[in-house]
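Chemist: quick one: sequence plus predicted model below, questions after.
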Amino acid sequence: MRSKLVTVREVLSRVVAALAATLVVSLLLPVAPASAHGQLATSTPLKGTVVREPLTRLALYFTEKPASNAHFAINGPDGSRVDNGWSYGEPKRLDKPVTEYFMVNGVFEPRLYHTGFPAMVTVAHWPAKGRYTASYLSVASDGEAVRGEVTFDYQGPGTPAPAGWSAPTAGPDPALLAQAEGEGSSPGASSSPVAPTVAAADDPAGATQEQRGGGFPAWLIPALIVVVVSAIVLVAARRRPSARGTSTVDRRSAGGTGRGGAATRKSANPTRKSGNRSGGPARRGRR
């Protein structure tokens, strides 16, 4: 009985572990196709680097041109803002292309982007050494919000603020916030084919949209989950009867061996009895 319980527990534990692994995989797989469009490709300075010279501007390169009402801010070590407006810059070819996914007829299709479109954020001054954070908020051409931040460490000399300059306090445009929260986007925009027309207009070479195809159907993940779970259940169901049958055969064989041994002992007893009888008359004859 104990061996049966151990076997059943092992099978159940394996089934539970396999189901958990399948669930984790199913949750992680859609993450790549769900990546935001118009995302940040690179920046100057790069995230996590150390800046030792006072820069006049920071460059944030996106896979498509930022919205005209995009919001950018740079905060110093004490939390105060040091940015002084932003403007569009000249596109450049990325050292490392960026892949984004688009849903086309129920299939995620990757598109490889080679060109970065910068937003040049002016730095008014560098008040102190320490951690600086450049944050951004925009809306991609398909209506998805593009937001994030780039942090870096400044270890250069301090610079004074321009005469008459005051730290900005204005936040993002209300219309931009409405779009970023999904209120201003059209229904089903994220599920339809989207081409970054703004980016393509600024890049006639077409370097922003390449390598289409090679996607996978959206229904493939649930189908794989069903197949894996069914296979696990079938294997577990086949192992349990075979284990019971083996134990029954072992008991029968053990029982047969015991009976055979008993029969052997019985057959030995008559031999001893017959020997005693034959020996009886012989002893009488001697007397």
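Modeler: Sure thing, it's come through. Numbering: from 1, shown residues only.
Chemist: and the strands in the stretch 101-250 of the chain?
Modeler: Assigned by DSSP state E, counting those that start in this stretch, the strands in the stretch 101-250 of the chain fall at 107-123, 130-139, 145-154.
Chemist: export those strands as TSV, with columns for mean pLDDT and mean neighbour count.
Modeler: Yep, even glycine has a C-beta here, placed from its N, CA and C like the rest. Shown next, in TSV, are these (pLDDT from 0 to 100; neighbours: other CB atoms under 10 Å):
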stretch	mean pLDDT	mean neighbour count
strand 107-123	94	21
strand 130-139	97	20
strand 145-154	97	18
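Chemist: okay, these in a markdown table with distance to residue 77 next?
Modeler: Shown next, in a markdown table, are the strands of the stretch 101-250 of the chain (distance: least, CB to CB, whole Å):
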| stretch | distance to residue 77 |
| --- | --- |
| strand 107-123 | 14 |
| strand 130-139 | 3 |
| strand 145-154 | 8 |
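Chemist: which one of the ones you listed lies closest to residue 76?
Modeler: strand 130-139 (5.9 Å; CB to CB).
Chemist: tell me where the protein has helices.
Modeler: Secondary structure of the chain, counting by DSSP state H: helices at 2-28, 174-180, 197-202, 220-286.
Chemist: could you give the average pLDDT over the longest one?
Modeler: Read it as helix 220-286. For helix 220-286, the mean per-residue pLDDT is 54.
Chemist: where does pLDDT dip in the stretch 51-200 of the chain?
Modeler: 183-200 (pLDDT under 70).
Chemist: closest one to residue 172 among the strands of the stretch 101-250 of the chain?
Modeler: When the strands of the stretch 101-250 of the chain are compared by CB to CB, strand 130-139 sits nearest residue 172, at 5.3 Å.
Chemist: ok and the closest one relative to strand 107-123, angle-wise?
Modeler: 130 degrees (axes from the mean of the first three to the mean of the last three CA atoms, to 10 degrees).
Chemist: can you list contacts of strand 130-139?
Modeler: Here strand 130-139 makes contact (CB atoms under 8 Å, 6 or more residues apart in numbering) with 38, 40, 43, 51, 58, 60, 62, 66-67, 70-77, 82-83, 119, 121, 145-154, 172, 176, 179-180, 184-185.
Chemist: extract the CA atoms of that strand and return them as PDB.
Modeler: The C-alpha coordinates for strand 130-139 follow below in PDB (Å, rounded to 0.1, in the frame of the first residue of the first chain):
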ATOM      1  CA  GLY A 130      24.600  62.600  -8.700                       C
ATOM      2  CA  ARG A 131      21.700  60.600 -10.200                       C
ATOM      3  CA  TYR A 132      19.700  62.300 -13.100                       C
ATOM      4  CA  THR A 133      16.500  60.900 -14.600                       C
ATOM      5  CA  ALA A 134      15.100  61.700 -18.000                       C
ATOM      6  CA  SER A 135      11.500  60.700 -18.300                       C
ATOM      7  CA  TYR A 136       9.300  60.700 -21.400                       C
ATOM      8  CA  LEU A 137       5.600  60.200 -22.400                       C
ATOM      9  CA  SER A 138       4.300  60.000 -25.900                       C
ATOM     10  CA  VAL A 139       1.700  58.100 -28.000                       C
END
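Chemist: note down every partner strand of it and its orientation.
Modeler: Strand 130-139 has the following strand partners under DSSP bridges: strand 71-75 (antiparallel), strand 145-154 (antiparallel).
Chemist: so what touches the shortest one?
Modeler: Contacts to strand 71-75, defined as CB under 8 Å, 6+ apart, come from residues 58, 60, 81-83, 86, 119, 121, 123, 132-138, 168, 171-173, 176.
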